[in-house]
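Q: Structure of the sequence below:
(2 chains)
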Amino acid sequence: DSGVTQTPKHLITATGQRVTLRCSPRSGDLSVYWYQQSLDQGLQFLIQYYNGEERAKGNILERFSAQQFPDLHSELNLSSLELGDSALYFCASSPGTGTGSYEQYFGPGTRLTVT
Amino acid sequence: GQNIDQPTEMTATEGAIVQINCTYQTSGFNGLFWYQQHAGEAPTFLSYNVLDGLEEKGRFSSFLSRSKGYSYLLLKELQMKDSASYLCAVTFPSGGSYIPTFGRGTSLIVHP
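A: Residues are numbered from 1 along each chain as shown, chains lettered A, B, ... in the order given. All right, here's what the predicted structure looks like:
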């Protein structure tokens, strides 16, 4: 158990819908990262927040957005869902901004299925 | 973007040694992580290399050559539970942070 929690574990929804994925980092970790993992793309970095502020952006679509709240939990919002958005979405946390040798602790993931 | 190359699949026998290679573009490189991921589960941290050389941690060792853009993960005394995907991730600076770019992973199959 990494100490990172994600809800829900599974989510099935229809195309065009909007969903919210939730992540609680390990106690004391200020950074939260979101990743998408699909069979054809591997693990893709989406976005990072540090202490409530957006710190880095990766391959995140405009239909996707995220935020980190004062209690450090984070939410990833996916809208106008398409079949290709079906994937495992991981949240990870680390103590710092990602400088130095901070390893990332991954949550169990949310499996999103868009039908 | 960063090109990270690692073999798609490898097979090995229980008790043996296996080496999983990873190559990357050196420009802007900061450090390199290895993660293990069992099917349907979250990646778990194995090692981090930022300086050249070999880092040993129990049955697992990781090597880095910064000038050659090359790393390997060495697994000794293989066990059946080592069957998993092994992800190489290279970090680059991005806006005051360091973001990992992951390879596609090497699926290791350990057979009796």
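Q: residue contacts, residue A:68?
A: Contact partners of residue A:68, counting by Cβ atoms under 8 Å, 6 or more residues apart in numbering or on different chains, are A:32, A:49, A:50, A:51, A:52, A:53, A:74. Where C-beta positions appear, they are placed from N, C-alpha and C, glycine not excepted.
Q: Phi first, then psi, for it.
A: Backbone torsions of residue A:68, given as degrees, to the nearest 10, read phi -120, psi 130.
Q: can you pull the pLDDT of it?
A: Residue A:68 is assigned a pLDDT of 97 by the prediction.
Q: What of the one 4 residues further on?
A: On pLDDT, residue A:72 comes in at 95.
Q: isn't it right up against residue A:32?
A: Yes: contact status for residue A:72 versus residue A:32: in contact at 7.2 Å, counting by Cβ atoms under 8 Å.
Q: and residue A:76, that's in a strand?
A: Yes: if the criterion is DSSP: H, G, I helix; E, B strand; the rest coil, then residue A:76 is within a strand.
Q: near chain B, which residues of chain A?
A: Taking Cβ under 8 Å from any Cβ of the partner chain as the contact definition, chain A meets chain B at A:2, A:31, A:42-45, A:48, A:50, A:55-56, A:58, A:88, A:90, A:97-101, A:103-109.
Q: Let me see the backbone angles for residue 17.
A: In the absence of a named chain, this looks at chain A. The phi/psi pair for residue A:17 (degrees, to the nearest 10) is phi -80, psi 180.
Q: ah, no, chain B please
A: phi -120, psi 140.
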